[in-house]
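Engineer: what follows is a protein structure lacking sequence information:
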Ligand SMILES: O=P(O)(O)OC[C@@H](O)[C@@H](O)c1c[nH]c2ccccc12
C-alpha cells in the first residue's frame, strides 16, 4: 500500500464514525445555515506573491513539528502578517489536526480558510462548508476516474473554491482538463515523501496562463519563495517553516515581499 492509500484508508474509517453520528442529510441542513463562503481568488490574483499559511502540527515525513496548543492564536498571527488564506490540516492520524482546529480558527479570523485533508467523499466537502471553510483541497492522485470531476462539481455547488493538487505531468493534464482555476503543485513526492524543489518549475509551464498557480511544500524561507515567484507562482503554501519559526506574522510578511 502506498503512503497515500494508507492515509486515505484511515481517513475513511474516521469518516464512517462521524457520519454515523451526523448523517449527510442532517449535515447538509446545518451547512445551509452557514454564511456564504469567502472568495479567495481576487487576493490570489492581486499583484505580488500571496501566502497561504498553514496550521500544521505533524506530518508523516517529519513527525512532530510544533505543539500549536492554540491554533486560533497562530492563525491570528498569520492574518496579521497578511496571509491571503490560512490552511488548517484536519487529518487526525498523521497530521494531528481536526475539524475542531478549523472551527477555532474560523471563529478567530476573517481570512479565507482552506480545509486541508484527504477529501474522497461528498460528506467531507459538506463538513468543510459546515465548519466554516472557504476552500478545499482536492488531491488528483487520491481521486481516480471521474471522482475528481464529481467532487469538484459538488464543491462548486456548495460555494467552495477548490485547490486542485498535482505532483506530475499526467496529474497536471487532468487538472487542466477539469478546468481548475487554482492549481497547487506539491513538491513532495507522495511515494517517497521527498521534496524535489524543481517540481514547480517543471510543471508550471503546463498550466494555462489564467490559472492561479500555487507552489506547495518545502519552502523554507524568502529565497525559496522568491525562486517560485520567478518561476511563475502566484501563491506559496507554507507550513513547517512558519510553525517552527519564532515570529509567524513577520515570516508571512517577508515571504509576501520575496
Ligand atoms: O510544511 P511544508 O513543507 O511547508 O508543506 C506545506 C504543505 O504544502 C503540505 O502540508 C501539503 C501539501 N499538500 C498536502 C496534502 C496533504 C497534507 C499536507 C500537504
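Structural biologist: Cool, got the structure. Values in this document were obtained by computation on a predicted structure and should not be read as measured data. Residues are numbered from 1 along each chain as shown.
Engineer: which residues touch whichever residue of the chain sits closest to the ligand?
Structural biologist: Sorted by distance to the ligand under C-beta to the nearest ligand atom, the residues of the chain start with residue 239, at 2.9 Å. C-beta coordinates here come from the backbone N, C-alpha and C atoms, glycine included. Shown in contact with residue 239 (C-beta atoms under 8 Å, 6 or more residues apart in numbering): 54, 56, 59, 65, 87, 89, 217.
Engineer: now those residues as CSV including secondary structure and neighbour count?
Structural biologist: Formatted as CSV, the contacts of residue 239 follow (DSSP: H, G, I helix; E, B strand; the rest coil; neighbours: other C-beta atoms under 10 Å):
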residue, secondary structure, neighbour count
54, strand, 27
56, coil, 25
59, strand, 19
65, coil, 17
87, strand, 28
89, strand, 26
217, coil, 25
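Engineer: show me what whichever strand or helix holds residue 13 is packed up against.
Structural biologist: For residue 13, the host element (DSSP states H and E) is helix 3-21. Using 3 or more C-beta pairs under 8 Å, 6 or more residues apart in numbering; DSSP states H and E as the contact criterion, the elements in contact with helix 3-21 are helix 122-130.
Engineer: how far does the helix it packs on sit from its chain's centre?
Structural biologist: Using C-alpha atoms, centre = their mean, to the nearest Å, the distance from the centre of helix 122-130 to the centre of the chain it belongs to is 14 Å.
Engineer: do stretch 81-94 as well
Structural biologist: Centroid separation for stretch 81-94 versus its chain: 7 Å, with C-alpha atoms, centre = their mean.
Engineer: what parts of the stretch 151-258 of the chain come near the ligand?
Structural biologist: 165, 186, 216, 217, 218, 219, 237, 238, 239, 240, 241 (C-beta under 6 Å from any ligand atom).
Engineer: go again using 8 Å as the cut-off
Structural biologist: Residues of the stretch 151-258 of the chain lying near the ligand by C-beta under 8 Å from any ligand atom: 165, 184, 186-188, 195, 216-219, 237-243.
Engineer: show me the residues you listed that map onto strands.
Structural biologist: Within those, residues falling in strands by DSSP state E are 165, 184, 186, 216, 237, 238.
Engineer: CSV please, covering those residues and showing neighbour count and distance to residue 250.
Structural biologist: Converted to CSV, those look like this (neighbours: other C-beta atoms under 10 Å; distance: C-beta to C-beta, whole Å):
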residue, neighbour count, distance to residue 250
165, 26, 28
184, 29, 24
186, 25, 26
216, 28, 22
237, 25, 18
238, 30, 13
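Engineer: make CSV out of the residues you listed and add pLDDT.
Structural biologist: Shown next, in CSV, are those (pLDDT from 0 to 100):
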residue, pLDDT
165, 98
184, 98
186, 98
216, 98
237, 98
238, 98
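Engineer: tell me the contacts of the residue positioned nearest the centre of the chain?
Structural biologist: Ranked by distance to the mean C-alpha position of the chain (C-alpha atoms, centre = their mean), the top residue is residue 116 at 4.2 Å. Neighbouring residues of residue 116 by C-beta under 8 Å, 6+ apart: 54, 87, 88, 89, 90, 91, 97, 137.
Engineer: where does it land on pLDDT?
Structural biologist: pLDDT recorded at residue 116 is 98.
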